[in-house]
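Q: Got a sequence here, can you model it:
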Amino acid sequence: MAKIDKDDFLDKLTPEDIENVILPTLKADKEKRLAEQACVVQRRLSKRKLIAFLFMLVFIGVGVFSGVKVLAWKMDSDNTYAQIEMINDNVVIEEVEDTESTEIINPPEEENTANPYWDYIKMNLINVDFTNLLSINSDTKGWIQVNGTNINYPFVQTIDNEYYLKRDFNKKNNSAGWVYIDYRNDVENFDRNTILYAHGRLNGTMFGSLKNIFESDWFDDVNNHVIKLSTLTENTLWQVFSVYHIPTTSDYLQTEFSSNEDFLEFVNMLEERSQYEFNVEFNESDKILTLSTCYNDQERVVLHAKLIKREVRD
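A: Residues are numbered from 1 along each chain as shown. Just a heads-up that it's a prediction; the model follows:
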């Protein structure tokens with residue numbers, strides 16, 4: 001095939017060739033390139049629009065989900081407040097003075113007036129009329145009152161530690177749950193370690209105010225270092241000996257012990273964890289009470305107290 005000389009080719013072009021062939025060809029080529037570029041731009045824009053649309057859907061979804069969660073949380077909180085108010089309006093709680101049947105549990109060997117224990121055992125017990133509570137919920141086992149907090153509620157017990165995580169005192173579904181005693185414990189004859197659980201609600205209900213124990217104002221008031229319980233069979237007083245928050249663990253939830261030494265080692269572990277020093281004396285016949293709730297997503301708030309006074313109910 002003969003080689004075409006470019007200069008010779010251009011010399012032979014006539015104005016008619018340029019007008020009727022070359023220019024239309026160049027114009028068509030230009031339009032083709034512009035169309036291709038437009039397609040590329042359109043595809044890019046469409047992809048960006050799709051991504052933006054998907055992000056918008058995700059954002060709206062998260063917003064709706066969060067809104068529903070907030071609304072559900074508020075509804076559950078409102079229901080919890082209503083139950084607390086109903087309970088307080090219908091339950092009689094009275095302070096009772098000691099009688100001849102009141103029993104002081106394992107007092108210190110020496111009566112040291114500087115030890116607040118001797119003031120604690122002079123405190124009145126509380127006695128709760130459970131008639132109305134039992135008519136509402138037959139799982140009712142007692143009442144707990146913790147000085148320096150909002151904790152002043154009936155507590156319940158069932159066959160596991162899951163049921164009342166998401167059910168209220170009326171046994172209705174409620175994310176606030178209720179205060180409950182470990183299913184392994186015998187509330188009529190306290191074990192060596194009796195455990196009560198509840199959610200740490202941000203509004204301060206259930207065990208939400210248990211975080212108060214880390215504030216200096218709480219610790220400085222020695223009257224806060226006691227817990228009062230009233231059950232169907234007896235009324236009791238407990239002296240706080242350890243408070244702390246700790247990464248989630250179950251080692252403080254032990255209820256049975258192989259020996260007295262095992263129990264005392266357990267108590268020593270709990271004392272060593274405490275944020276404050278309470279200087280409480282122990283022996284192998286002591287019984288302790290444990291309160292447990294969430295501090296945050298990874299930690300637990302824990303309080304321990306030992307039994308110092310009891311009285312069997314009539």
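Q: Could you report the neighbour count for the residue nearest to Lys172 when sequence neighbours are not counted?
A: Leaving aside its sequence neighbours, Lys172 sits nearest to Asn79 (Cβ to Cβ, 6 or more residues apart in numbering; 7.3 Å). For glycine as for every other residue, the C-beta is placed from the backbone atoms N, C-alpha and C. Close neighbours of Asn79, defined as other Cβ atoms under 10 Å, add up to 18.
Q: Mind pulling the model confidence for the closest residue to Leu165 other than its chain neighbours?
A: Spatial nearest neighbour of Leu165, chain neighbours left out: Gly177 (4.9 Å); criterion: Cβ to Cβ, 6+ apart. Note for Gly177: predicted pLDDT of 96.
Q: List the residues that contact Gly177.
A: 164-168, 198-199, 206 (Cβ atoms under 8 Å, 6 or more residues apart in numbering).
Q: tell me the SS of it?
A: Recorded secondary structure, Gly177: coil (DSSP: H, G, I helix; E, B strand; the rest coil).
Q: How much space separates it from Ile144?
A: Distance, Gly177 to Ile144, by Cβ to Cβ, to the nearest Å: 15 Å.
Q: go on, Tyr252?
A: For Tyr252, the distance to Ile144 - Cβ to Cβ - is 18 Å.
Q: Compare neighbour counts for these two and give me the winner.
A: Taking neighbours as other Cβ under 10 Å, Tyr252 and Ile144 compare with Ile144 leading, 24 against 19.
Q: Confirm the more buried one sits in a helix?
A: No: read with three-state DSSP, Ile144 is strand and lies in no helix.
Q: ok, what's across the strand from it?
A: Tyr153, Leu229 (DSSP bridges).
Q: what's near enough to touch Asp182?
A: Going by Cβ under 8 Å, 6+ apart, Asp182 touches 157, 161, 194-197, 253, 255.
Q: and it, what pLDDT?
A: Reported pLDDT for Asp182: 98.
Q: Val68 now?
A: For Val68, pLDDT reads 56.
Q: For the closest residue to Val226 other than its chain neighbours, what are phi and psi?
A: Computed as Cβ to Cβ, 6+ apart, the closest residue to Val226 that is not its neighbour in sequence is Tyr120, at 5.4 Å. In terms of degrees, to the nearest 10, the main-chain angles of Tyr120 are phi -60, psi -40.
Q: ok now do Tyr120, which residues does it touch?
A: Counted by Cβ under 8 Å, 6+ apart, Tyr120 has contacts 225-226, 237, 239, 308-309.
Q: For Trp238, see how far away it is.
A: For Tyr120, the distance to Trp238 - Cβ to Cβ - is 9 Å.
Q: overlap in contacts of these two?
A: 226, 308.
Q: Quick check: of the contacts of Gly177, which lies closest to Ile136?
A: The nearest member of these to Ile136, counting by Cβ to Cβ, is Asp168 at 10.7 Å.
Q: wait, isn't the closest one in contact with Thr80?
A: Yes: at 6.2 Å, Asp168 counts as touching Thr80 under the criterion of Cβ atoms under 8 Å.
Q: which neighbours do the two share?
A: 174, 176.
Q: picking up where we left off before, need the max-distance pair from the contacts of Tyr120.
A: So, the contacts of Tyr120 by Cβ to Cβ: farthest apart are His225 and Lys309, at 13.8 Å.
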